[in-house]
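Q: got a predicted structure plus its sequence, pasted below:
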Amino acid sequence: MEDEDPRTALMRAAGARGISLAALSSAIRRNPAYLHQFVTRGSPRALAEGDRRTLAAMLDVSERALGGPPGPEPAFVLPRLDVQASAGPGAYADSDLVLGVDAVDPTLARALKLTPGQAGLITVRGDSMEPQLNDGDQLIVDTSDRRPGKTARVYVIRVDGALMVKRVRAGRGKLEVTSDNPDAPPVPDLAVEVVGRVVWRMGAPR
């Protein structure tokens, strides 16, 4: 890939990860059409250093492939999703939009076995998962893990369009969804869509 034109390399890497140029543009805090114009019109002629570094990390390619000089691979970067996983009644979201990115220690990323393009960062809202998860906690979600087993684990799910973080296990014929807080209201008995498994928590200051 590093022998390709940076525009071709960008398109190839984005396609491989299933990420649109508009979403990548938003991640680097640019106009949604910014990278489309870079690829199709050659404007700008080259990516700015900060933009190139962020894109290389998100797409798991070298900066050199995107027009930068040779150098070490960047740190593992997670997209921050512009939605909030509710540990209460549920936050409604029509789509998961990339709000920005956050760097994660590459040692941690390897330990968690994260794959670029298949993980994200999301914020907890509510108290139904206390004491394990608290309002304001930041969660790393492995979106490649969407098949709960017989042992209950913490997942981000959608129920009737509402995004929630709950404990989920495979039951008889359907998923069983519960809250850790015994005072939390029951989860609606509706179809459950699994977004991904929570693999790391970063606690909010208390």
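A: Received it, and whenever you're ready, just let me know what you need.

Q: domain map for the protein?
A: According to automatic domain parsing, the chain comprises the domains 6-66, 76-202.

Q: any idea how far the residue nearest to the spatial centre of the chain lies from Glu176?
A: Residue closest to the average C-alpha location in the chain (CA atoms, centre = their mean): Gly120, at 1.8 Å. The gap separating Gly120 from Glu176 is 24 Å, by CB to CB, to the nearest Å. C-beta here means a position set from N, CA and C on the backbone, and glycine is covered the same way.

Q: likewise for Ala56?
A: Using CB to CB, Ala56 is found at 41 Å from Glu176.

Q: rewinding a little: least confident of the domains of the chain, on average?
A: Comparing mean pLDDT across these, the weakest is domain 76-202, with a mean of 85.

Q: gap between the two ends of it?
A: Taking CA to CA, to the nearest Å as the measure, domain 76-202 stretches 16 Å from start to finish.

Q: any idea how far it is from the chain center?
A: The gap between where domain 76-202 is centred and where its chain is centred comes out at 10 Å by CA atoms, centre = their mean, to the nearest Å.

Q: if you count what's nearby, which of Ala56 and Glu176 comes out ahead?
A: When neighbours are counted by other CB atoms under 10 Å, Ala56 comes out ahead of the other of Ala56 and Glu176, with 25 against 16.

Q: that one: helix or strand, and which one exactly?
A: Under the assignment given by DSSP states H and E, the secondary-structure element containing Ala56 is helix 49-59.

Q: just Phe38 next, same as before
A: Assessed by DSSP H and E, Phe38 sits inside helix 34-41.

Q: helices or strands up against that helix?
A: Under the contact definition 3 or more CB pairs under 8 Å, 6 or more residues apart in numbering; DSSP states H and E, helix 34-41 sits against helix 6-17, helix 21-27.

Q: dump that helix to CSV, restricted to CA.
A: Provided in CSV are the C-alpha atoms of helix 34-41 (Å, rounded to 0.1, in the frame of the first residue of the first chain):
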residue,chain,number,x,y,z
TYR,A,34,-13.2,17.3,3.0
LEU,A,35,-11.6,13.9,2.2
HIS,A,36,-13.9,13.3,-0.8
GLN,A,37,-12.5,16.5,-2.3
PHE,A,38,-9.0,15.4,-1.4
VAL,A,39,-9.5,12.1,-3.2
THR,A,40,-11.4,13.3,-6.2
ARG,A,41,-10.1,16.9,-6.7
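
Q: now that helix, how far from the chain's geometric center?
A: Relative to the mean C-alpha coordinate of its chain, helix 34-41 is positioned 24 Å out (CA atoms, centre = their mean).
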